[in-house]
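S.K.: Below is the sequence, then the predicted model.
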Amino acid sequence: MLPPSNNTAPKNNNTPFIDTNEDANWEERYRELQLFRAEHGHCRVPARYKKNLKLGRWVMTQRRQFTMLMQGLPSALTTERMNRLNDIGFVWMLRADPVTMWNKKFAELKEYKDQFGNCMVPQRYQPNSKLGTWVHTQRRQYKLLLNGEKSAMNREKIKALDSIGFFWMAKQKDGDAPVVGANNGAVAAAAAAGGGGFGVDMGGSSSSLHDEEKNEGYGEEVDEGSDADADD
């Protein structure tokens with residue numbers, strides 16, 4: 001997301017005093033960002049960028065200052081700085097697409113099954129803790145659906161997970177009779193009652209999906225703590 005054009009951007013009449021040292025620091029980080037962009041092709045520096053922690057924090061600060069400016073609060077982000085950041089393709093807000101996020105985790109789950117032969121990802125799975133949390137979330141969202149409560153689960157997700165032998169109960173074992181799944185009568189009942197926000201795409205379109213991702217650490221913004229962002 002880019003800020004409004006100069007014709008519509010709010011005037012920053014509350015800009016705090018910027019001393020020479022602070023200005024020099026800003027220039028140094030800006031040069032580092034230019035180098036990062038030249039190497040990676042974008043300005044999405046992870047917040048915990050191991051190669052340059054100061055740069056990662058600085059990028060987050062620019063976005064935070066921009067938000068403050070848009071809210072009419074005192075901000076150190078001047079029009080000149082905003083324009084210079086725009087010139088190198090700075091992204092002011094990073095929003096994760098819920099459909100893409102869900103499909104990405106589903107693909108990771110399939111890879112896990114290919115390696116281990118099942119979908120029983122531990123909730124605190126060390127090699128990929130977010131996958132473990134995501135698997136737990138799918139079970140929890142399904143339980144909400146069965147209870148007729150607001151849920152991010154939908155038919156397409158259920159069918160996709162069923163297709164790879166997803167266990168809907170953490171203590172379920174191979175050979176057990178299916179506990180829940182796409183053909184469960186409670187699913188049809190929930191759908192008839194209008195629960196679950198059943199959509200046509202795998203990722204779903206309900207706002208509850210966004211809440212699901214946010215509550216499990218994805219947030220509205222892309223997780224900037226991973227160095228993976230710097231490598232794409």
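M.R.: Arrived safely. Residues are numbered from 1 along each chain as shown.
S.K.: and whichever helix in the chain runs longest, what does it pack onto?
M.R.: Identified as the longest helix of the chain according to DSSP state H is helix 20-40. Judged by 3 or more CB pairs under 8 Å, 6 or more residues apart in numbering; DSSP states H and E, helix 20-40 is in contact with helix 53-70, helix 79-87. (C-beta placed from N, C-alpha, C; glycine too.)
S.K.: what's the shortest one packed up against?
M.R.: Helices and strands touching helix 79-87, as assessed by 3+ CB pairs under 8 Å, 6+ apart, comprise helix 20-40, helix 53-70.
S.K.: Could you dump the helices and strands packed on helix 20-40 into JSON lines with mean pLDDT, mean neighbour count and distance to residue 127 added?
M.R.: Shown next, in JSON lines, are the helices and strands packed on helix 20-40 (pLDDT from 0 to 100; neighbours: other CB atoms under 10 Å; distance: least, CB to CB, whole Å):
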{"stretch": "helix 53-70", "mean pLDDT": "95", "mean neighbour count": "18", "distance to residue 127": "23"}
{"stretch": "helix 79-87", "mean pLDDT": "96", "mean neighbour count": "15", "distance to residue 127": "36"}
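S.K.: Can you tell me which of these is nearest to residue 144?
M.R.: helix 53-70 (31.7 Å; CB to CB).
S.K.: Which elements pack onto that closest one?
M.R.: helix 20-40, helix 79-87.
S.K.: repeat that for 6 Å
M.R.: Helix 53-70 sits against helix 20-40, with contacts defined as 3 or more CB pairs under 6 Å, 6 or more residues apart in numbering; DSSP states H and E.
S.K.: quick one: buried residues of the helix it packs on?
M.R.: Neighbour-count burial for helix 20-40, counted by 16 or more other CB atoms under 10 Å, picks out 26, 29-30, 32-33, 36-37.
S.K.: ok, now stretch 87-106?
M.R.: For stretch 87-106, using 16+ other CB under 10 Å, the buried residues are 90, 92, 96, 98, 101-106.
S.K.: what stretches of this protein score poorly on pLDDT?
M.R.: Along the chain, segments meeting pLDDT under 70 span 1-20, 96, 172-232.
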